[in-house]
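1. okay, structure incoming, though there's no sequence with it:
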């Protein structure tokens, strides 16, 4: 697979050897205490494909489950971040969609975020994994969940939609967002607006999601983790630029001020630098 885009902060680490990498991880977790810094340095400098390759290598070398070992050695938001980083991108998306739909009250914003920003091919793959997960849990029918993201799944390609929005503006002399505000209300309105925002300018949309996740009391860590992990190999450099432009602070600075400990260290590695 080719490297996705070149606007990410994380690229394949040249000459990474999974067997050497898992040795470092094993050493970091063996015996008394955990060498978190070694785990941060390693995982924060490998691409998603390279991280996923460690699962098999660890099993081969030690006959153990790397996910289980990491899970028992780590805790809190740091553990959540590491768990997110150990999934292949489509698998991570599928699991986030699943928890967005199955949790108490649907997390519409998460659905929109994932489904509006992924390519049609990526969505097909996510859908396949999602359905596999449902089958394995004996939930044969997707039921009402289906309709929730069918609307977005059936959408034409993102460039096509962008062109439609532009055309709409030419014809009506009015931005599609303004029409949505006039014609719709409540959840549907905010949902549609988010879809339009995301498709028009994806990096600006993610910058806003990150800003809102950190602004005010408490941090929406699930959102912060999802965006930092899933955009780190796609367009995080563009997101950083939009963030700086729109909020007059670098994303790096805000993450530094809003998080702490090992969690912060690993997030900042994904962020890849200040602007």
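-> Ah, there it is. Quantities reported herein were computed from a predicted structural model and do not represent experimental measurements.
2. okay, buried residues for stretch 38-47 please.
-> Going by neighbour count (16 or more other CB atoms under 10 Å), the buried part of stretch 38-47 is 39-44, 46-47. Yep, even glycine has a C-beta here, placed from its N, CA and C like the rest.
3. switch those over to TSV; also include pLDDT, distance to residue 9 and secondary structure.
-> TSV is the format used below for the buried residues of stretch 38-47 (pLDDT from 0 to 100; distance: CB to CB, whole Å; DSSP: H, G, I helix; E, B strand; the rest coil):
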residue	pLDDT	distance to residue 9	secondary structure
39	99	19	helix
40	99	15	helix
41	98	15	helix
42	99	16	helix
43	99	14	helix
44	98	10	coil
46	98	13	coil
47	98	11	coil
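4. now distance to residue 122 too, for these, in TSV please.
-> Listed next are the buried residues of stretch 38-47 as TSV, based on distance: CB to CB, whole Å:
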residue	distance to residue 122
39	28
40	28
41	29
42	27
43	23
44	24
46	21
47	16
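5. which SS state does residue 26 fall under?
-> State at residue 26, reduced to three classes by DSSP: H, G, I helix; E, B strand; the rest coil: helix.
6. leaving out the residues flanking it, which one is nearest to it?
-> Sequence neighbours aside, residue 62 is the residue nearest to residue 26 in space, at 6.0 Å (criterion: CB to CB, 6 or more residues apart in numbering).
7. tell me how many other residues surround the one you found.
-> 15 (other CB atoms under 10 Å).
8. against residue 216, how distant is it?
-> Remark: distance between residue 62 and residue 216 (CB to CB, to the nearest Å) = 44 Å.
9. next secondary structure after the least confident helix or strand in the chain by mean pLDDT?
-> When the helices and strands of the chain are scored by mean pLDDT, DSSP states H and E, helix 144-153 comes last with a mean of 51. Scanning forward in sequence from helix 144-153 by DSSP states H and E, the next helix or strand is helix 158-172.
10. so for that next one, mean pLDDT?
-> Average pLDDT, helix 158-172: 76.
11. following element in sequence after it, please.
-> helix 176-183.
12. ok, back up a step: dihedrals phi and psi, the residue nearest to residue 26?
-> Main-chain torsions, residue 62, degrees, to the nearest 10: phi -120, psi 0.
13. residue 261: what's its closest spatial neighbour, skipping adjacent residues?
-> That would be residue 78: by CB to CB, 6+ apart, it lies 6.7 Å from residue 261.
14. check which helix or strand that neighbour maps to.
-> Per DSSP H and E, residue 78 falls inside helix 76-85.
15. I'd like the average pLDDT over that helix.
-> On average, helix 76-85 scores 98.
16. for stretch 228-237, same thing?
-> For stretch 228-237, the per-residue pLDDT averages 96.
17. same question for stretch 189-207.
-> Here the average pLDDT along stretch 189-207 is 87.
18. who's in contact with that stretch?
-> 108-109, 112-113, 116-117, 152, 158, 161-162, 165, 176-177, 180-181, 184, 208, 227, 231, 235, 238-243, 246-247, 251 (CB atoms under 8 Å, 6 or more residues apart in numbering).
19. if we go to 7 Å?
-> Contacts to stretch 189-207, defined as CB atoms under 7 Å, 6 or more residues apart in numbering, come from residues 108-109, 112-113, 116-117, 152, 158, 161-162, 165, 176-177, 180-181, 184, 227, 231, 235, 238-239, 242-243, 246.
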